[in-house]
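Student: any chance you could fold what I've pasted below:
(2 chains, ligands or ions: 2)
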Amino acid sequence: MNSNANRNAKIKLFISRFVVYAILIFLAFLCLFFFWLMFVNSTRSNAQLQSGFALFPKENFLKNFYNAWHDGTIDIPTGMKNSFIVAICSALLTTYFSALTAYGTYVYNFRFKKAVHLFILAIMMIPSQVSAVGFIQLAFKFHLTNKLWLLIVPSIAAPAVYFYMRQYLQATLPLEMVEAARIDGSNEFRIFNQIVLPIMKPAMAVQMIFSFVGSWNNYFMPSLLLNDAKKKTVPVMIGTLRSADFTKFDMGKVYMLMLMAILPVMVIYIILSKSIIKGVTSGSVKG
Amino acid sequence: MAEVTLKNIKKVYPIGDTEKKQRKALKKSKEENPESNKANLQITDEGVVAVQEFSLDIKDKEFVVLVGPSGCGKSTTLRMVAGLEEITSGELYIDGNLVNSVEPKDRDIAMVFQTYALYPHMTVRDNMAYSLKIKKLPKEEIEAKVNEAAEILDITQYLDRKPKALSGGQRQRVAIGRAIVRDPKVLLMDEPLSNLDAKLRNQMRSEIIKLRQRINTTFIYVTHDQTEAMTLGDRIVVMKDGFIQQIGTPQEVYDHPSNLFVSGFIGTPQMNYFDAKLEVENGKYVVNTDGYKVVLSEEKQVRLKEKDVKPQDVTLGVRPDHIVLSENGLKGKVDVSELMGPSCHLHMTVDGKDVIAIVPTEGKKVDYVNKEVDFGFNGNVCHIFSKEDEKNLEY
Ligand SMILES: Nc1ncnc2c1ncn2[C@@H]1O[C@H](COP(=O)(O)OP(=O)(O)O)[C@@H](O)[C@H]1O
Ligand SMILES: [Mg+2]
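Tutor: Ligands and ions are numbered 1, 2, ... in the order given. So this is what the prediction gives:
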């Protein structure tokens, strides 16, 4: 009797595990399959691509890479450089200043503090495309197109990042720690940089990934503000391929371009995700 | 290394949402029931008055303890001395300098917080060295000072750990270490032991006494625990509702509580109270408790005469240790008897009121439970409080 019930329980457990794993594997497959296809396609020549579908890599990886890197119409190395400048600057500045703002409204008491907080949150409700229209008009009026910093500066004001940082601070930073640092003789900026920022590392890492990816993939604003080939970012360059000459169209090169475009995002993710995990395990010290 | 002088210090916090609600609720309950004397003295029109009329001269190297129930304004007072809280009115001097508007970092004070407030991302060594690094002291000097403080506190073996890897008691030591490496003029402590368990607390208490002998500085220590106050303080300041109730040595406060509140707050078990009459017989003051008359001692007679106290209804207070079992006196029924080794705590009911007596057991085993006992007290241990303002009539 007993052993029978035991066996039944084991079988049930096995079946439920089997189903769960099957679903998970299927989902993982769905996510990864297209990345795989892109990689495979980036190793095939244009002719091979025309001939249909393939599951395994071919031998043209380096050739495609060479073609993409030395393309006559779009200058990928410059695009990469521009994209990196914009994405890294945005990610750093956005997270730093959002954390600074969050720290300000969390730690200091001043009049209209609540109103300031609510105002910042209210801005979150406005779609960025709406405010972008005005911004772009302004940029054209002042003849400020084709400037990379024009893409960086507006991204610094990020209400959603501010909100995230504020919540994180509330959960992890006891005010007494700030006071302890004040008594230790630290000035306010030093407290923020040496005490608060290290505590916020995990939150900073998360938001840096998001804003790096967002900025790297951004097409809308750059496509409107950048028309000089020397200033274009990677997504804008890939966008111009649509209007390229069909007779010279090399699909292998296009896939290679796409691979190049997503690679930095993956690398950044892998670098920062380590510090997220590290950070989560080191909270503040309480009783 | 410095005197601290507080002159008529007052602190008013702006009224917040919770206080507003509290006030409304209070008003409503007043309207419904005008007799109820429920009132929060501290919430007024100007805001939350956390501390007022606070005047105190702290001598160089003195150990002063602020003690009182939760919410009485102890932390606020300490934080004003630290410079973490603005002083609404009054004057604060450290070492003779007016420091009302001096930044915390320029006051040369150090503070130990209840929650330790260690920097989680730094090792114990870096935690302790932080203030010295800011002062830009030479590396060797920092190293030497940190090592010395670690030695005093017995945390040398933890110097390279992060605070997370320490127990509560060890973290507390680090917090104290961080404060003493700087040789501050004044060392402030806000309930440093209340996050520790009972055993560790007793141990740390004696360590603080030892620490005090090793480092020569002025201490201001905040606690809600009267035992800590009595054992640590050169002088203690008893507070309630933002007002100082009494300032004195532990002995003074224990022997001559200035009012009913202090008498009840200091000393455990709590003082017993009886409704009594103060009478004059043959030119002598006598307390009459339900017909049990006790002639007050000579010194009390003198003090009462000096103040020309009139016969009146009073609250009589007698500490449990001063109650003696006797042949004739007041009668009480013993509900519970707790044996405490050399003595026995008797919890009695007298006229519907609880009375505690500590009686020596003298090695005999006596069972008092459910028995009627007679007890009395001598004229030198009676504390006589006015029924009107609850003040000690002698002072
Ligand atoms: N930041 C604040 N804002 C408003 N009221 C406060 C604030 N801090 C303390 N209080 C009030 O001041 C009074 C004294 O507080 P506190 O000094 O912390 O008491 P204690 O340390 O003796 O328990 C309390 O009534 C408390 O509610
Ligand atoms: Mg307190």
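Student: and the chain, split by domain according to the record?
Tutor: Just so you know, I chose chain A. A:2-61, A:64-283 (automatic domain parsing).
Student: wrong one, I was asking about chain B
Tutor: B:4-108+B:184-260, B:270-386.
Student: tell me the most buried of these?
Tutor: Across these, averaging neighbours per residue (mean count of other C-beta atoms under 10 Å in any protein chain shown) puts domain B:4-108+B:184-260 on top, at a mean of 17. C-betas here are computed from N, CA, C, even on glycine.
Student: now the end-to-end length of it.
Tutor: 29 Å (C-alpha to C-alpha, to the nearest Å).
Student: what is the mean pLDDT for it?
Tutor: Domain B:4-108+B:184-260 shows an average pLDDT of 89 in the prediction.
Student: give me the three-state assignment for residue 111.
Tutor: Picking chain A for this. Following DSSP: H, G, I helix; E, B strand; the rest coil, A:R111 is assigned to coil.
Student: actually, chain B is the one I wanted.
Tutor: Following three-state DSSP, B:M111 is assigned to strand.
Student: contacting residues for the closest residue to it other than its chain neighbours?
Tutor: Excluding the flanking residues, the one nearest B:M111 by C-beta to C-beta, 6 or more residues apart in numbering or on different chains is B:L188, at 4.3 Å. B:L188 makes contacts with B:L78, B:V81, B:A82, B:I109, B:A110, B:M111, B:V112, B:I220, B:Y221, B:V222, as judged by C-beta atoms under 8 Å, 6 or more residues apart in numbering or on different chains.
Student: the helix or strand hosting B:L188 near ligand 1 anywhere?
Tutor: According to DSSP states H and E, B:L188 maps onto strand B:186-190. No. Shown here: strand B:186-190 not in contact with ligand 1 (C-beta under 6 Å from any ligand atom), separated by at least 7.4 Å.
Student: that strand: partners in the sheet, and parallel or antiparallel?
Tutor: Sheet partners assigned to strand B:186-190 using DSSP bridges are listed as strand B:109-112 (parallel), strand B:218-223 (parallel).
Student: what's the closest non-adjacent residue to B:M122?
Tutor: Per C-beta to C-beta, 6+ apart, closest to B:M122 is B:Y130, 7.0 Å.
Student: host element of the one you found?
Tutor: helix B:124-134.
Student: now the helix or strand that that helix is followed by against helix B:124-134, angle please.
Tutor: Heading C-terminal from helix B:124-134, the first helix or strand you meet, by DSSP H and E, is helix B:139-153. Relative orientation of helix B:139-153 and helix B:124-134, computed by axes from the mean of the first three to the mean of the last three C-alpha atoms, to 10 degrees: 130 degrees.
Student: would you mark the buried spots in helix B:139-153?
Tutor: Neighbour counts over helix B:139-153 (16 or more other C-beta atoms under 10 Å in any protein chain shown) mark B:I142, B:K145, B:V146, B:A149, B:A150, B:I152, B:L153 as buried.
Student: what does it contact?
Tutor: Residues outside helix B:139-153 that contact it (C-beta under 8 Å, 6+ apart) are B:124-125, B:128-129, B:132-133, B:137, B:156, B:159, B:173-174, B:176-177, B:180-181, B:207, B:211, B:214-215.
Student: now that helix: how far from the chain's centre is it?
Tutor: Distance of helix B:139-153 from its chain centroid, counting by C-alpha atoms, centre = their mean, to the nearest Å, is 33 Å.
Student: do the same with stretch A:46-57
Tutor: When distances are taken as C-alpha atoms, centre = their mean, stretch A:46-57 is centred 31 Å away from the chain's centroid.
Student: residue of the stretch 201-350 of chain B nearest chain A, please.
Tutor: B:R201 (12.5 Å; C-beta to the nearest C-beta).
Student: got the CA coordinates for the one helix or strand that residue maps to in CSV?
Tutor: Using DSSP H and E, B:R201 maps to helix B:198-214. Coordinates of each C-alpha in helix B:198-214 appear next as CSV, following Å, rounded to 0.1, in the frame of the first residue of the first chain:
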residue,chain,number,x,y,z
ALA,B,198,19.5,41.0,27.2
LYS,B,199,22.6,39.2,28.0
LEU,B,200,24.7,41.0,25.4
ARG,B,201,23.3,44.3,26.7
ASN,B,202,24.5,43.7,30.2
GLN,B,203,27.9,42.7,28.9
MET,B,204,28.2,45.8,26.6
ARG,B,205,27.0,48.0,29.5
SER,B,206,30.0,47.0,31.6
GLU,B,207,32.2,47.5,28.5
ILE,B,208,31.0,51.0,28.1
ILE,B,209,31.9,51.6,31.7
LYS,B,210,35.4,50.3,31.0
LEU,B,211,35.6,52.3,27.8
ARG,B,212,34.8,55.4,29.7
GLN,B,213,37.8,54.8,31.9
ARG,B,214,40.0,54.4,28.9
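Student: by contact count, what packs against it?
Tutor: Contacts defined by 3 or more C-beta pairs under 8 Å, 6 or more residues apart in numbering or on different chains; DSSP states H and E place helix B:198-214 against helix B:139-153, helix B:168-180, helix B:226-232.
Student: ok, now which ones touch residue 156?
Tutor: Looking at chain A here, since you left the chain open. A:S90, A:L93, A:T94, A:F97 are the contacts of A:I156 under C-beta under 8 Å, 6+ apart.
Student: hm, I was asking about chain B
Tutor: Applying C-beta under 8 Å, 6+ apart to B:T156 gives the contacts B:N147, B:A150.
Student: let me know the pLDDT of it.
Tutor: pLDDT recorded at B:T156 is 94.
Student: which of the strands paired with strand B:186-190 sits closest to ligand 1?
Tutor: When the strands paired with strand B:186-190 are compared by C-beta to the nearest ligand atom, strand B:218-223 sits nearest ligand 1, at 6.6 Å.
Student: any idea how far the closest one is from the chain center?
Tutor: 10 Å.
Student: how many neighbours does the residue nearest to B:M122 have?
Tutor: Neighbours of B:Y130 under the rule other C-beta atoms under 10 Å in any protein chain shown: 23.
Student: over to A:D228?
Tutor: Applying other C-beta under 10 Å, we find 9 residues neighbouring A:D228.
Student: let me see the confidence value for it.
Tutor: As predicted, A:D228 sits at a pLDDT of 84.
Student: helix, strand or coil: sort out the closest residue to it other than its chain neighbours for me.
Tutor: Leaving out its chain neighbours, the residue that sits closest to A:D228 by C-beta to C-beta, 6+ apart is A:N146, at 4.3 Å. The three-state assignment at A:N146 reads coil, by three-state DSSP.
Student: grab the longest strand from chain B for me.
Tutor: When chain B is parsed with DSSP state E, its longest strand is strand B:324-339.
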